[in-house]
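Enquirer: need a 3D model of the sequence below.
(one chain, ligands or ions: 2)
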Amino acid sequence: MKYWDEKHECMDRKELERLQLFRLQKTVAAAYQSVGPFRQKMRDKGVLPGDVKTLEDIRLLPFMSKQDLRDYYPFALFGKPLSEIARIHASSGTTGKPIVIGYTKNDLDIWSEVVARCLTMVGADKNDIIQISYGYGLFTGGLGLHDGAGKIGAAVIPASSGNSQRQIMLMKDLGATVLCCTPSYALYLSELLAEFGVKKEDLKLKYAVLGAEAWTSGMAREIEQRLGVSAHNIYGLTEVIGPGVAIECQAGQGMHISEDHFLVEVIDPETEEVLPDGMTGELVFTCLTKEGTPTIRYRTRDLSKITKEKCSCGRTLARMDRIMGRSDDMLTIRGVNVYPSQIESVLLDMGQTSPNYHLVVDRVNNLDILEVQMEIPGDLALDGIRQLEALAVGIRRKIEQTLGISCKVTLVEPRSLPRSEGKAKRVTDRRKM
Ligand code: ADP
Ligand code: ZN
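Expert: Ligands and ions are numbered 1, 2, ... in the order given. Reported below is the predicted structural model:
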């Protein structure tokens, strides 16, 4: 087994917790001193940095939310003067106005270190050629993977996203062995391969490092099969550092969180109570080493659960489950809560369906209506009307059975739904328009 940083990845839990506590105390004290709004929140709760005596005492500290980052946009939550800030990134703005995060030189080093850990966990090393097809720019995907890939000494192809025909050319001509992008873009590229007459055997790809959006294991298997790779789920968010907070190792049993840098809690999003390991709730992260924008008890709105059981890969770092969706993605349809990923699971479980779908929600006569638009699988004849009808009915029934909601299933022509080069937009909610 190859590790990038065996000491921290396989640390004895007691020792890890001692390190976490030491770093937490330091981080809280620094933020209290340098970040006015954090100090104010601590005062409002009647808490002082010295009150954090055990790891559990983190529960005394106030939460931080995306709203705080918007309210104090752009610099009021920075923990260092601008003279010490080396880079500024912004979130993609999927759920509203983007927020900005400042990185010191040290933060950038930590970031590349955890991404190097992730790439090594997947199986990559300096002999690999890594094509980075996440967008480069303010979005953390591109530059985050870039610096980490550089750190392991791999040959980096900084392709950025878009210009998909060129992506395929690069992948083939330069013999990329690792592809990094969003799962929906990987799927799109796999469709284009067929279109350009490139076979997966013509490529040298071994691994795909995919993340930045919710996706199912069914989608992972589909991409693995189409591209001939082992697909690894990578998780991260700008507020915490960017991609590289967690990644699936080769055992594929959840994503290892770099806990020596990112302390994780899972809370009930309603009551804000901390939940025990194994229970699904909202992930809350505290950055134990980041200084540019101190991030303490950040509510991610991402839903998952964690386990601290040692993994068969030998790592002791906690593992988080695949994200079911962010709470903002949750659709309430006639009182039933549904995540797009649940519908994706149903579609892919049916075997013959293509993983390209779009959900349209509307309200007609005060009733919520869900329409599932799905592309006709390429191997089904367009004129096989009976076959198509049977497929649509089958999907509708399966969604009803599994999720308890009725819906309308519309089969659309292959390649007619929009493709994304970054994060896929799976839902149009007309009720909000
Ligand atoms: P934005 O919140 O504007 O999309 P980011 O670009 O920082 O900003 O994206 C971070 C978010 O992307 C996470 O909070 C999460 O919702 C989603 N995300 C990132 N990686 C994954 C993943 N592997 N699986 C599911 N969702 C992910
Ligand atoms: Zn593992």
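
Enquirer: return the distance of the residue in the stretch 101-250 of the chain that ligand 2 sits nearest to relative to ligand 1.
Expert: Residue of the stretch 101-250 of the chain nearest ligand 2, by C-beta to the ion: C249 (3.3 Å). Where C-beta positions appear, they are placed from N, C-alpha and C, glycine not excepted. Per C-beta to the nearest ligand atom, to the nearest Å, C249 is found 14 Å from ligand 1.

Enquirer: and that residue, how far from W4?
Expert: In this view, C249 and W4 are 11 Å apart by C-beta to C-beta, to the nearest Å.

Enquirer: again with I267
Expert: 30 Å.

Enquirer: give me the phi and psi for L359.
Expert: Dihedral pair for L359: phi -110, psi 130, per degrees, to the nearest 10.

Enquirer: wait, doesn't G236 sit right on V209?
Expert: No - G236 lies out of contact with V209 (C-beta atoms under 8 Å); the separation is 11.3 Å.

Enquirer: so for those two, which sits in the more crowded spot?
Expert: Counted by other C-beta atoms under 10 Å, G236 and V209 do not tie: V209 has more neighbours, with 30 against 27.

Enquirer: elements contacting the helix or strand encompassing the more buried one?
Expert: Assigned by DSSP states H and E, V209 belongs to strand 207-211. Here strand 207-211 touches helix 105-122, strand 178-181, helix 183-195, helix 217-227, strand 230-237, strand 242-248, going by 3 or more C-beta pairs under 8 Å, 6 or more residues apart in numbering; DSSP states H and E.

Enquirer: just so I know, which of the ones you listed lies nearest G93?
Expert: strand 230-237 (12.5 Å; C-beta to C-beta).

Enquirer: that closest one and ligand 2 in contact?
Expert: No - judged by C-beta under 5 Å from the ion, strand 230-237 stays clear of ligand 2, getting no closer than 11.0 Å.

Enquirer: that strand and ligand 1, any residue contact?
Expert: Yes - looking at strand 230-237 against ligand 1 by C-beta under 6 Å from any ligand atom, the contacts come from N233, I234, Y235, G236, L237.

Enquirer: what does the lowest-mean-pLDDT helix or strand in the chain rub up against?
Expert: Every helix and strand of the chain was ranked by mean pLDDT, DSSP states H and E. The lowest is strand 325-326, at a mean of 89. For strand 325-326, the surrounding residues in contact (C-beta atoms under 8 Å, 6 or more residues apart in numbering) are T95, A214, T300, R301, D302, L303, Y339, P340, S341.

Enquirer: which strands border it, and is each parallel or antiparallel?
Expert: Using DSSP bridges, strand 325-326 pairs in its sheet with strand 298-304 (antiparallel).

Enquirer: between strand 230-237 and the strand it pairs with, find me the angle.
Expert: Angular relation of strand 298-304 and strand 230-237 on a 0 to 180 degree scale: 150 degrees, by axes from the mean of the first three to the mean of the last three C-alpha atoms, to 10 degrees.
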